[in-house]
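Asker: A predicted structure for the sequence below; I have some questions about it.
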Amino acid sequence: MSKFKKKTSSSQDIPTAALPDIIFMLLFFFMVTTVLRETELKVEQRIPRAEQLVKLEKKKLVSYLYVGKPKDPTFGTEPLIQANDVFIGIDGVVKWVNEEKAKLSEVERDQITISMKVDNETKMGIIVDIQTELREANARKIMYATPQKTDED
Amino acid sequence: MARSKDKGSQEVNAGSMADIAFLLLIFFLVTTQIATNKGLTLLLPPKQEDDEPIEIKQQQRNIFKIQVNSADKLLVEDEPLDDISQIREMVYDFVLNFGDPSSNKKGSDKVSDIDVYNSLPASMKSYISRSLSDSESSDGPSSAIVSLKADRGSSYEIFIQILDELNAAYNRIYGERVGLSDEEFRKLNRNDPRQKKLYDDARMGIPKAISIAEPTKSGS
């Protein structure tokens, strides 16, 4: 009988000492892969969805413009253009593009892509104005950033 | 007395370590936004030089006109249209019309409309000869232009919807040409030489000519 008793006295619980290690591993994975948003959005962004999306290959060449109604009502209700962290006027677009181009190496300058994130309720007027300015600045590749349309919509 | 203290457990209790790590993990999971770099691409025309002629006369039949007014109502080829999804079919037929294919080698790839026609798969050729080849529509893919003119007061949403349809039509043409669906064509990875070749083959001689015309100034 004493034989059986000895067996039951052995520890029953699973060692959980390695659990923190596993969790830390997951944590580090997420910390490393996360890219924190560099710019704080000051305009509303409800972007219309589309189906035929193309993925951009070179992230380095992309600069972002945000267009929409300002979140802060003191700036009025008309759509504004946000580049990096500040609002720019329509006449500041060329200067901004040239600044963005200066960040790239010389061979890549013509390949700069402007990704425009535009709110749903924006009217086409401002978009066309931006396009004209981008042509002026010789940044001809543009992309209208949109999320993928899902089947439910 | 000192001895009895030594006998007590010397280890730090690490049981709650997992909880702390979980808390951090969940925080990062919730706050992470995986950056999306997807959208509809468009190539703008080069900057207008002052001494260049502003308008090059294009044959009316080679231009597929889409107009949007400030109430987001559509006028496609001078006729009102309610259902945006019809544009896809219309543009598909328009680009592949081959009404009067020229043998002039145009563009950067030096391919004529007739070469493009000969490179199409049999199913597309038979569709073109059966229901297209309309002399009232475009001469060939190299001269076909889709012109989208949106009023300043029209909404961005409808613009994106139309642009989406136009891209869908072109992707369908490109995909069908190399035996892929439009979705498979879109997902081709251009860093892979084999897929890049497929992509170039599909696009050769059929430029994606979407022109965003200057809008009329009338608002509201």
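Answerer: Received it, and whenever you're ready, just let me know what you need.
Asker: residues in contact with the residue nearest the centre of chain B?
Answerer: For chain B, the residue sitting closest to the mean C-alpha position, by Cα atoms, centre = their mean, is B:Asn167 at 3.4 Å. B:Asn167 makes contact with A:Gln52, B:Leu40, B:Lys208, according to Cβ atoms under 8 Å, 6 or more residues apart in numbering or on different chains. All C-beta atoms are positioned from the backbone trio N, CA, C, and that covers glycine.
Asker: And the next helix or strand past the helix or strand bottoming out on mean pLDDT in chain A?
Answerer: Across the helices and strands of chain A, the lowest-confidence element by mean pLDDT, DSSP states H and E is helix A:2-8, at a mean of 56. For helix A:2-8, the succeeding helix or strand toward the C-terminus, using DSSP states H and E, is helix A:19-33.
Asker: in its sheet, what does the following helix or strand past that next one sit against?
Answerer: Downstream of helix A:19-33, the first helix or strand assigned by DSSP H and E is strand A:54-55. Take DSSP bridges as the rule and strand A:54-55 pairs in its sheet with strand B:38-43 (antiparallel).
Asker: got the buried residues for the partner strand?
Answerer: Neighbour-count burial for strand B:38-43 flags B:Lys38, B:Gly39, B:Leu40, B:Thr41, B:Leu42 (criterion: 16 or more other Cβ atoms under 10 Å in any protein chain shown).
Asker: export these to CSV and tack on pLDDT?
Answerer: CSV is the format used below for the buried residues of strand B:38-43 (pLDDT from 0 to 100):
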residue, pLDDT
B:Lys38, 79
B:Gly39, 81
B:Leu40, 83
B:Thr41, 82
B:Leu42, 82
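Asker: Tell me which two of those sit farthest apart.
Answerer: Pairwise distances across the buried residues of strand B:38-43 (Cβ to Cβ) peak at 13.9 Å, for the pair B:Lys38 and B:Leu42.
Asker: quick revisit: roughly how far apart are the residue nearest to the centre of chain B and B:Ala213?
Answerer: 18 Å (Cβ to Cβ, to the nearest Å).
Asker: ok, now B:Arg186?
Answerer: Going from B:Arg186 to B:Ala213 by Cβ to Cβ gives 26 Å.
Asker: Which residue of the two possesses the greater neighbour count?
Answerer: Shown here are B:Arg186 and B:Ala213; by other Cβ atoms under 10 Å in any protein chain shown, B:Arg186 has more neighbours (18 against 14).
Asker: so what's B:Val116 closest to, chain neighbours aside?
Answerer: Among residues not flanking B:Val116 along the chain, B:Gly205 sits closest, at 4.0 Å (Cβ to Cβ, 6 or more residues apart in numbering or on different chains).
Asker: just checking, what packs against the helix or strand hosting B:Phe27?
Answerer: Assessed by DSSP H and E, B:Phe27 sits inside helix B:17-31. Applying 3 or more Cβ pairs under 8 Å, 6 or more residues apart in numbering or on different chains; DSSP states H and E, we find helix B:17-31 packed against helix A:19-33.
Asker: Is the helix it packs on positioned near chain B?
Answerer: Yes - if you take Cβ under 8 Å from any Cβ of the partner chain as the test, helix A:19-33 does meet chain B, through A:Leu19, A:Pro20, A:Ile23, A:Phe24, A:Leu26, A:Leu27, A:Phe30, A:Met31, A:Thr33.
Asker: for the closest residue to the fourth one other than its chain neighbours, what are its contacts?
Answerer: Put plainly, it is A:Phe24. Nearest residue to A:Phe24 in three dimensions, chain neighbours excluded: B:Ala21, at 5.3 Å (Cβ to Cβ, 6+ apart). Residues counted as contacts of B:Ala21 (Cβ under 8 Å, 6+ apart) are A:Pro20, A:Ile23, A:Phe24, A:Leu27.
Asker: show me where pLDDT drops low in chain A?
Answerer: A:1-11, A:35-39, A:151-153 (pLDDT under 70).
Asker: Domains in it, by residue range?
Answerer: The record's domain parsing of chain A by automatic domain parsing lists A:2-33, A:59-144.
Asker: What's the local residue count around B:Ala209?
Answerer: When neighbours are defined as other Cβ under 10 Å, B:Ala209 has 18 of them.
Asker: pLDDT score for it?
Answerer: If you check B:Ala209, the pLDDT there is 80.
Asker: how near is it to A:Glu133?
Answerer: 22 Å.
Asker: picking up where we left off before, would you list the contacts of B:Asn167 in TSV and tack on distance to B:Asp72?
Answerer: Below are the contacts of B:Asn167 laid out as TSV (distance: Cβ to Cβ, whole Å):
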residue	distance to B:Asp72
A:Gln52	20
B:Leu40	18
B:Lys208	24
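Asker: Out of these, the closest to A:Glu121 would be?
Answerer: For the contacts of B:Asn167, the nearest to A:Glu121 is B:Leu40 (18.5 Å; Cβ to Cβ).
Asker: Leaving out chain neighbours, which residue sits closest to that closest one?
Answerer: Distance criterion Cβ to Cβ, 6+ apart; nearest residue to B:Leu40, sequence neighbours excluded, is A:Tyr144 at 4.7 Å.
Asker: partners of the one helix or strand that neighbour maps to, with directions?
Answerer: Per DSSP H and E, A:Tyr144 falls inside strand A:141-145. As defined by DSSP bridges, the strand partners of strand A:141-145 come to strand A:113-118 (parallel), strand B:38-43 (antiparallel).
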